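> The sequence and its predicted three-dimensional model are supplied below.
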Amino acid sequence: MLLTTFSSLTFLISSCCSSVNLLIQKYYPTLLPYLAKVVTPMMAHGQYLKQQYEDVYVVFIGPCVAKKEEVDSSKEKYVDATITFR
């Protein structure tokens, strides 16, 4: 595995793609310590909108089905709903 080959290197995995983050969580749990602890741009934008506007309902519209899973599984409710299309 890559980690044993490059064990002396310090690295961080960062991705704004929730599919990549879910892939690491489900199939490569040994890489979790290297996954950056940051929110995706969608969540950051939702958080910003919730802070700026009182009683706002944030909806993400986009083609990525993984965003629905990201919103549904998130503890923080920065995005209230997602709409995807085919």
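Arrived safely. Residues are numbered from 1 along each chain as shown.
> Please put the alpha-carbon coordinates of the host helix or strand of residue 68 into CSV.
Assigned by DSSP states H and E, residue 68 belongs to helix 66-73. Below are the C-alpha coordinates for helix 66-73, written out as CSV (Å, rounded to 0.1, in the frame of the first residue of the first chain):
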residue,chain,number,x,y,z
ALA,A,66,-23.3,12.4,-4.0
LYS,A,67,-24.2,15.9,-2.7
LYS,A,68,-27.5,14.4,-1.6
GLU,A,69,-25.7,11.9,0.5
GLU,A,70,-23.4,14.6,1.9
VAL,A,71,-26.3,16.7,3.0
ASP,A,72,-28.3,13.8,4.4
SER,A,73,-25.3,12.5,6.4
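> all helices in this protein, in order from the N-terminus.
2-5, 18-27, 41-52, 66-73 (DSSP state H).
> For this structure, give me the ranges with low pLDDT.
1-9, 86 (pLDDT under 70).
> Centre of the chain to the helix holding residue 68, how far?
8 Å (CA atoms, centre = their mean, to the nearest Å).
> again with stretch 53-62
17 Å.
> Please apply the same query to stretch 18-28.
In terms of CA atoms, centre = their mean, the centre of stretch 18-28 is set 10 Å apart from its chain centre.
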